[in-house]
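A.B. asks: Sequence and predicted structure are below.
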Amino acid sequence: MGTATWRSAKSPAYFKRGDYVPGLKVDGMDVLAVKQACKFAKEHALKNGPIFLLIGKTQTPNKTIRWITYRYHGHSMSDPGSTYRTRDEVSVVRQVRDPIERVRKLLLSHDIATEKELKDIEKEVRKEVDDAVAQAKESPRSRSIRAIHKHVRERLWSRVIWSRQKRAQSDTCISLAP
C-alpha cells in the first residue's frame with residue numbers, strides 16, 4: 001500500500017505483461033471511454049479469447065500521472081494518502097478530472113438533463129443507499145459469509161499448490177488459473 005509503481009514493478013506497463021494476450025489501456029477517469037473499452041474487451045474476449053484491460057494513463061494540467069482510477073483518499077486508516085502525493089495534486093484532479101462532475105457537465109451542456117433533474121437523481125440515489133445501509137445493519141449476521149470466505153481461500157490455495165507443482169515440472173511460468 002502506498003508504494004510507488006516504479007519501486008514495486010520492473011515494468012509499470014501492466015497492460016503489456018500478458019505476452020501474447022493483447023492489452024488495452026483506457027483513461028479511468030473518463031466514464032464513456034471506460035464503457036466503450038469494457039464493451040470492446042467483452043466482445044474481444046467472447047470472439048478471440050482473453051484481453052488485459054488497464055484503465056490507466058491520464059493527464060493533469062501539470063504533469064502526466066499513471067493511475068487505474070484516482071483515489072481521493074488513502075487505502076486505509078494507516079495510509080493517509082499524503083506520503084506519495086500532495087494535497088495540491090489531489091485538489092487539481094478533483095477539480096479537473098472528477099468523473100462524476102465531468103458527466104454532470106456533459107449532461108448539462110448537451111441539454112440531456114437539467115440541474116433540477118440531476119439533483120433529484122442524486123437525492124433518489126442517496127435515499128436508496130441509506131435504505132440499503134439501514135437494511136444491512138438491521139439484518140442478522142449470517143454464518144454463510146464465513147463459509148464463502150473459507151471456500152474462496154481453499155480454492156485459491158488449491159490453485160497455488162497446483163501451480164507450484166506444474167512449475168516444478170516445467171521451465172515455463174504458468175498462471176494460477178486452472
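C.D. replies: Now that the structure is in, tell me what you want to look at. Residues are numbered from 1 along each chain as shown.
A.B. asks: so who does residue 51 touch?
C.D. replies: Counting by C-beta atoms under 8 Å, 6 or more residues apart in numbering, residue 51 makes contact with 21-24, 41, 44-45. From N, CA and C alone the C-beta is placed, and that goes for glycine too.
A.B. asks: please redo it, this time with the cut-off set to 10 Å
C.D. replies: 15, 18, 21-24, 37, 40-45 (C-beta atoms under 10 Å, 6 or more residues apart in numbering).
A.B. asks: For PyMOL, what selects the buried ones among these?
C.D. replies: Buried residues among the contacts of residue 51 (16 or more other C-beta atoms under 10 Å), as a PyMOL selection:
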select buried, resi 15+23+24+37+41
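A.B. asks: Out of the contacts of residue 51, which sit inside strands?
C.D. replies: 23-24 (DSSP state E).
A.B. asks: Please identify which of the contacts of residue 51 is nearest to residue 91.
C.D. replies: residue 37 (27.3 Å; C-beta to C-beta).
A.B. asks: Local confidence estimate at that closest one?
C.D. replies: You'll see residue 37 listed with a pLDDT of 86.
A.B. asks: Over to the one 4 residues further on?
C.D. replies: Model confidence at residue 41, expressed as pLDDT, equals 87.
A.B. asks: That one: what's it in contact with?
C.D. replies: Neighbours of residue 41 in contact, by C-beta under 10 Å, 6+ apart: 22-24, 26, 50-53.
A.B. asks: Mind doing that once more with 6 Å?
C.D. replies: 51, 53 (C-beta atoms under 6 Å, 6 or more residues apart in numbering).
A.B. asks: And it, how close does it get to residue 35?
C.D. replies: 11 Å (C-beta to C-beta, to the nearest Å).
A.B. asks: so where's the chain shaky on pLDDT?
C.D. replies: Scanning the chain for pLDDT under 70 picks out 1-2, 4-6, 8-20, 56-68, 142-178.
A.B. asks: related to what we said a few turns ago, among the contacts of residue 51, which one sits closest to residue 118?
C.D. replies: Using C-beta to C-beta, the contacts of residue 51 come closest to residue 118 at residue 37, 25.1 Å.
A.B. asks: What residues of stretch 97-109 count as buried?
C.D. replies: 97, 99, 103, 107.
A.B. asks: Wasn't residue 83 part of a strand?
C.D. replies: No. Secondary structure of residue 83 (DSSP: H, G, I helix; E, B strand; the rest coil): coil, not part of a strand.
A.B. asks: burial measure for it, as a count.
C.D. replies: 9 (other C-beta atoms under 10 Å).
A.B. asks: now it: how far from residue 71?
C.D. replies: 13 Å.
A.B. asks: ok, now residue 38?
C.D. replies: Applying C-beta to C-beta to residue 38 and residue 71 gives a distance of 20 Å.
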